[in-house]
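S.K.: heads up, no residue letters with this:
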């Protein structure tokens with residue numbers, strides 16, 4: 001079954017809008033914090049609370065999408081996210097800003113597991129990695145463009161990025177409700193089964209889903225470790241300029257988008273998902289080592305590009321492999337997928353910061369070790385044969 005291009009485009013736009021809104025906040029929030037008389041601790045609370053809400057609620061949203069359908073969960077998440085963004089724009093106290101950010105974390109966490117579950121429902125195993133790659137590329141564009149757009153939109157009024165983000169999310173929800181088809185047979189099959197939260201955790205106990213979840217956690221941990229420290233590392237070790245720092249992040253963004261959008265599908269069809277996962281983990285570990293050993297900024301750039309390429313290929317491939325284990329519980333398993341990724345994103349920067357204070361290169365050595373462990377797990381437990389899941 002080849003995926004219909006329109007649903008994939010709609011879902012890609014949905015994740016793009018969510019990540020744009022997520023990224024647009026970053027240039028603005030420090031000024032809001034200062035305006036409300038808060039400080040760095042309050043800023044850390046906001047960042048951590050958003051990630052924690054996604055960690056907690058993604059599995060629940062995935063389970064609800066199994067029960068009531070992907071379309072209503074995605075639309076509800078977008079509408080709620082729009083309301084939360086508008087509330088942030090209207091905030092005139094820190095508690096309002098904080099509460100709105102928490103609400104946006106709760107509701108935005110509905111979009112990713114439900115969207116990936118939709119792809120799992122409506123694509124063949126042969127095309128799934130390519131479709132997941134398109135979702136990943138849209139997410140990458142949002143991550144890269146969000147802060148840039150937020151900085152431009154906030155030049156006249158700090159609240160403008162929030163209202164623009166709210167409007168985009170509201171329009172996307174209408175697009176989902178009007179044009180995204182829903183498969184009623186999937187919902188009807190779920191209505192015949194008991195609605196129980198413990199079903200969401202079956203993937204933790206049965207192979208190979210448990211192994212894939214562990215690899216997703218490792219990849220998210222390694223990527224967050226890298227993203228949280230690479231800019232500071234380049235400044236401290238190589239004394240780079242702001243222009244060179246911008247070039248570094250442009251390289252990361254371009255490689256991430258191209259790798260997920262253009263290369264994931266063809267490479268998966270040629271090599272198979274297990275082989276690509278093993279190669280990506282080994283390549284990611286080697287890239288971490290090259291980053292740690294880079295003697296100059298000119299060597300850091302290709303090492304960073306190589307690392308980003310390996311991670312860009314790993315994410316959609318692992319998501320596609322995970323979706324094969326879901327059966328008619330795609331939403332529950334994709335919710336666990338999002339939870340594992342969120343846990344990695346929360347823990348990665350925390351460890352990286354502690355290690356960086358000991359020695360600049362230590363976060364990259366720890367990242368290499370983490371990916372080597374993941375590669376060994378994959379080599380020992382993942383079969384190389386391509387499965388014929390529908």
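M.R.: In hand now; what should we look at? The structure presented is a predicted model; accordingly, all values stated were derived computationally and were not measured.

S.K.: low-confidence ranges in the stretch 101-250 of the chain?
M.R.: Low-confidence regions of the stretch 101-250 of the chain, defined here as pLDDT under 70, cover residues 125-126, 183-207, 242.

S.K.: run the last query once more with 50
M.R.: Applying pLDDT under 50 to the stretch 101-250 of the chain picks out residues 191-192, 194-197, 199-200, 203-206.

S.K.: residue boundaries of the helices in it?
M.R.: Taking DSSP state H, counting those that start in this stretch as the criterion, the stretch 101-250 of the chain carries its helices at 111-122, 125-153, 160-179, 184-191, 209-238, 242-258.

S.K.: now those in a markdown table, with mean neighbour count and distance to residue 354?
M.R.: To be clear about C-beta, it is placed using only N, CA and C from the backbone, and glycine gets the same treatment. A markdown table is the format used below for the helices of the stretch 101-250 of the chain (neighbours: other CB atoms under 10 Å; distance: least, CB to CB, whole Å):
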| stretch | mean neighbour count | distance to residue 354 |
| --- | --- | --- |
| helix 111-122 | 29 | 28 |
| helix 125-153 | 22 | 24 |
| helix 160-179 | 20 | 32 |
| helix 184-191 | 13 | 43 |
| helix 209-238 | 21 | 11 |
| helix 242-258 | 16 | 23 |
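
S.K.: which one of the ones you listed lies closest to residue 349?
M.R.: Ranking these by proximity to residue 349 (CB to CB) places helix 209-238 first, at 3.6 Å.

S.K.: if we can go back for a sec, can I get the helices of the stretch 101-250 of the chain in JSON lines including distance to residue 56?
M.R.: Supplementary listing: the helices of the stretch 101-250 of the chain in JSON lines, determined by distance: least, CB to CB, whole Å:
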{"stretch": "helix 111-122", "distance to residue 56": "13"}
{"stretch": "helix 125-153", "distance to residue 56": "20"}
{"stretch": "helix 160-179", "distance to residue 56": "21"}
{"stretch": "helix 184-191", "distance to residue 56": "22"}
{"stretch": "helix 209-238", "distance to residue 56": "16"}
{"stretch": "helix 242-258", "distance to residue 56": "27"}
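
S.K.: list the contacts of residue 42.
M.R.: Going by CB atoms under 8 Å, 6 or more residues apart in numbering, residue 42 touches 33, 94, 98.

S.K.: one more: residue 291?
M.R.: 226, 230, 233, 300, 303, 304, 307, 364.

S.K.: correct me, but the second one touches residue 248?
M.R.: When you say that, I think you mean residue 230. Yes: shown here, residue 230 and residue 248 form a contact pair, counting by CB atoms under 8 Å, at 7.2 Å.

S.K.: who touches both of those two?
M.R.: With contacts taken as CB under 8 Å, 6+ apart, the residues that reach both residue 230 and residue 248 are residue 304.

S.K.: list the contacts of residue 288.
M.R.: With contacts taken as CB under 8 Å, 6+ apart, residue 288 has the following neighbours: 222, 226, 307, 364, 365, 367, 368, 371.

S.K.: okay, the residues you listed in CSV with secondary structure next?
M.R.: CSV is the format used below for these (DSSP: H, G, I helix; E, B strand; the rest coil):
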residue, secondary structure
222, helix
226, helix
307, helix
364, helix
365, helix
367, helix
368, helix
371, helix
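
S.K.: could you work out the most separated pair of those?
M.R.: Across these, the two members that end up farthest from each other (CB to CB) are 307 and 365, 13.5 Å apart.

S.K.: so for those two, which sits in the more crowded spot?
M.R.: residue 307 (29 against 16; other CB atoms under 10 Å).

S.K.: Provide a list of residues in contact with the more buried one.
M.R.: If you count contacts by CB under 8 Å, 6+ apart, then residue 307 has 226, 284, 287, 288, 290, 291 around it.

S.K.: and the helix or strand where the fifth one lies, what's buried?
M.R.: Going back to what we said before, that points to residue 290. For residue 290, the element it lies in under DSSP states H and E is helix 273-293. Of the residues in helix 273-293, those scored as buried under the neighbour-count criterion (16 or more other CB atoms under 10 Å) are 273-292.

S.K.: same question, stretch 77-93
M.R.: For stretch 77-93, by 16+ other CB under 10 Å, it's 77-89, 91.

S.K.: for it, which outside residues touch it?
M.R.: Looking at stretch 77-93 with CB under 8 Å, 6+ apart, the contacting residues turn out to be 14, 17-18, 21, 25, 32, 36, 61, 96-97, 99-101, 103-104, 106-111, 114, 159-163, 165-167, 169-170, 172-173, 176.

S.K.: and with 7 Å instead?
M.R.: Residues from elsewhere that reach stretch 77-93 (CB atoms under 7 Å, 6 or more residues apart in numbering): 14, 18, 21, 36, 61, 96-97, 100-101, 103-104, 107-108, 110-111, 159, 162-163, 165-166, 169-170, 172-173, 176.

S.K.: now swap in stretch 250-269 and tell me
M.R.: Among residues not part of stretch 250-269, those counted as contacts by CB under 7 Å, 6+ apart are 126, 129-130, 133-134, 136-137, 140-141, 144, 276, 301, 304-305, 308-309, 312-313, 315-317.

S.K.: next step: the contacts of residue 42 restricted to strands.
M.R.: Among these, no member falls in strands (DSSP state E).

S.K.: in JSON lines, list those residues along with neighbour count and distance to residue 334.
M.R.: Compiled in JSON lines, those are given as follows (neighbours: other CB atoms under 10 Å; distance: CB to CB, whole Å):
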{"residue": "33", "neighbour count": "18", "distance to residue 334": "34"}
{"residue": "94", "neighbour count": "17", "distance to residue 334": "34"}
{"residue": "98", "neighbour count": "19", "distance to residue 334": "28"}
